[in-house]
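Trainee: 3D model of this:
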Amino acid sequence: MEIRKFKDTDINPIVSLFYDTVHTVNKRDYSQEQLNAWAPKEEEILKRETWKDSLSQNVTYVADIKGTLVGFSDLTPYGRLNRLYVHKDYQGQGIAAALVNILEVEARGLGLLEVDTEASITAKPFFERLGYRIIQSQLVERKGVRLANWKFDDPYRVLRRMVLGSCFLTMITTFHCTLYIRKWVNLADF
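Mentor: I've put the predicted structure just below:
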């Protein structure tokens, strides 16, 4: 699997992946009416145009396996994990985690101390496994249809990676650095 930066030519497979994933993977948690409101086929052309712009403005990565785009995710300049979708045939293979990890590294490079997101019922267990915490459950409305999702953040996940990285770079030689790691990080999580 190759994780690489988004290119404009990725937009068609990205939009197709989005529609296919929503209408297959998420159908176990949402009704057909909700899926149609979330990913209406009649907006596919419009999505290609608007998403091309927003994915270009955000920090966006795609996952590619032998020339097939199998996942994508983007991060806004303010630390919002905006979209995260993995191809229906490649679920559970670590692709989403790889995309989130690289975006967290990018967040650190932007000086952000936290990343937040809104996750579907389907994605909720994934974010919980990564250590994100639920801020609140919510109902969002799309085309007059209500969909449940969750607001997540983890103000310490990016910070822990930052501390670990800088401490390991200095070879963890000082007492203060070691103490800091023990206070903020369970090394078994990494």
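
Trainee: so the closest residue to residue 86 other than its chain neighbours, which state does it fall into?
Mentor: Sequence neighbours aside, residue 71 is the residue nearest to residue 86 in space, at 4.1 Å (criterion: Cβ to Cβ, 6 or more residues apart in numbering). C-beta here means a position set from N, CA and C on the backbone, and glycine is covered the same way. Following DSSP: H, G, I helix; E, B strand; the rest coil, residue 71 is assigned to strand.

Trainee: which ones are touching residue 71?
Mentor: 17, 62-63, 84-87, 90, 95-96, 99 (Cβ atoms under 8 Å, 6 or more residues apart in numbering).

Trainee: out of the residues you listed, which comes closest to residue 142?
Mentor: residue 85 (16.1 Å; Cβ to Cβ).

Trainee: now residue 25, nearest residue through space, not along the chain?
Mentor: Nearest residue to residue 25, sequence neighbours excluded (Cβ to Cβ, 6+ apart): residue 88, at 5.3 Å.

Trainee: so how far is residue 22 from that neighbour?
Mentor: Note on residue 88: its distance to residue 22, by Cβ to Cβ, to the nearest Å, is 10 Å.

Trainee: pLDDT at the spatially most central residue of the chain, what is it?
Mentor: Central residue of the chain (Cα atoms, centre = their mean): residue 84, 4.1 Å from the mean position. On the pLDDT scale, residue 84 is placed at 98.

Trainee: mind checking the SS state of it?
Mentor: Three-state call for residue 84 (three-state DSSP): strand.

Trainee: can you give me the distance of it to residue 102?
Mentor: Distance from residue 84 to residue 102, by Cβ to Cβ: 12 Å.

Trainee: what's the answer for residue 134, then?
Mentor: As judged by Cβ to Cβ, residue 134 and residue 102 stand 23 Å apart.

Trainee: which one's more surrounded, residue 88 and residue 22?
Mentor: Neighbour totals were compared for residue 88 and residue 22, and residue 22 leads with 20 against 15 (other Cβ atoms under 10 Å).

Trainee: correct me, but the more buried one touches residue 39?
Mentor: Yes: taking Cβ atoms under 8 Å as the definition, residue 22 is a contact partner of residue 39 at 4.0 Å.

Trainee: would you map the helices across this structure?
Mentor: When assigned using DSSP state H, the helices of the chain occupy the ranges 11-24, 32-38, 44-57, 95-109, 124-130, 157-169, 175-184.

Trainee: what is the burial count for the residue nearest to residue 121 when sequence neighbours are not counted?
Mentor: Of all residues not flanking residue 121 in the chain, residue 29 sits nearest, at 4.0 Å (Cβ to Cβ, 6+ apart). Using other Cβ under 10 Å, residue 29 has 15 other residues around it.

Trainee: tell me the spacing between residue 29 and residue 84.
Mentor: 16 Å.

Trainee: what residues does residue 76 make contact with?
Mentor: By Cβ under 8 Å, 6+ apart, the neighbours of residue 76 are 58, 82.
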